[in-house]
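Asks: turn this into a model:
(one chain, ligands or ions: 2)
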Amino acid sequence: MSSITGKAPSVKLPPQIGTARALLREQLARLLTVEETLAKVTLPQLVLELEDEQLKQAVSSHLAETRGHGGRLKEAFLALGELPAGRPALGLDGLKAEREVTSPDLTPGLRPFNACVSAMGVEHYEINAYEAAIRLAGSTSGAKEVTRLLRATLEEEVAALQKLGEEADRISGQLD
Ligand SMILES: [Fe+2]
Ligand SMILES: [Fe+2]
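Replies: Ligands and ions are numbered 1, 2, ... in the order given. Next up is the predicted model:
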């Protein structure tokens, strides 16, 4: 006689996120994890690793801005009447995993370029997440201040992507 033990009955819960406001809260939570991970782990580590002085400078200056991005998100939560809380950011984890898989195969001469385009990938990811959040805030009543805060950060992300793009052009011009 066969029996299935330890298997939870599959209960289908109805969808829990049903409004622009609720989805905005989820998006802010994901962004909070992204910004805190970037400010506390990813970018400081990258600054330490980089040997190309000009690229190191560009990443350091965006690290300083990134420290303010988490603060703006916390203000956005409070402006919505919510307590700031993070949630997993699987896209950021994926970008990190991709870089870790690729880097060991590269000769040292190619690593600054790889680090630069990986950093650009993170900026694209952030820009997409902020653009989604700004649209959701536009559909949420009483979220004008949230929109203002998100737009201020989006401007810095776009400028960082532009700067990193210039660095990628410079570095790729030096490759064999
Ligand atoms: Fe950011
Ligand atoms: Fe950024």
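Asks: list the buried residues in stretch 149-158.
Replies: Residues of stretch 149-158 classed as buried: 149-150, 153-154, 156-157 (neighbour count, 16 or more other Cβ atoms under 10 Å). (Each C-beta comes from the backbone N, C-alpha and C, glycine too.)
Asks: inside strands: which ones of the residues you listed?
Replies: Among these, no member falls in strands (DSSP state E).
Asks: take those residues and keep only those in helices.
Replies: 149-150, 153-154, 156-157 (DSSP state H).
Asks: of all these, which two lie farthest apart?
Replies: 149 and 157 (13.1 Å; Cβ to Cβ).
Asks: tell me the one of the buried residues of stretch 149-158 nearest ligand 2?
Replies: Nearest to ligand 2, judged by Cβ to the ion, of these is residue 157 at 4.6 Å.
Asks: how about the residues of this protein near ligand 1?
Replies: Contact residues, the chain versus ligand 1 (Cβ under 5 Å from the ion): 66, 69, 126.
Asks: the second one touches residue 155, doesn't it?
Replies: Right, residue 69. No: taking contacts as Cβ atoms under 8 Å, residue 69 lies outside contact range of residue 155: 11.2 Å.
Asks: now the residue of the chain at minimum distance from ligand 1, what's its secondary structure?
Replies: For the chain and ligand 1, the shortest gap (Cβ to the ion) falls at residue 69, measuring 3.9 Å. For residue 69, the assignment made with DSSP: H, G, I helix; E, B strand; the rest coil gives helix.
Asks: which ones are touching it?
Replies: 35, 38-39, 153, 156 (Cβ atoms under 8 Å, 6 or more residues apart in numbering).
Asks: what is the nearest of those residues to residue 21?
Replies: Minimum distance to residue 21 across the contacts of residue 69 is 19.5 Å, recorded for residue 153 (Cβ to Cβ).
Asks: now do the lowest-mean-pLDDT helix or strand in the chain: which elements does it pack against?
Replies: Across the helices and strands of the chain, the lowest-confidence element by mean pLDDT, DSSP states H and E is helix 90-102, at a mean of 94. Using 3 or more Cβ pairs under 8 Å, 6 or more residues apart in numbering; DSSP states H and E as the contact test, the elements touching helix 90-102 are helix 20-37, helix 111-138.
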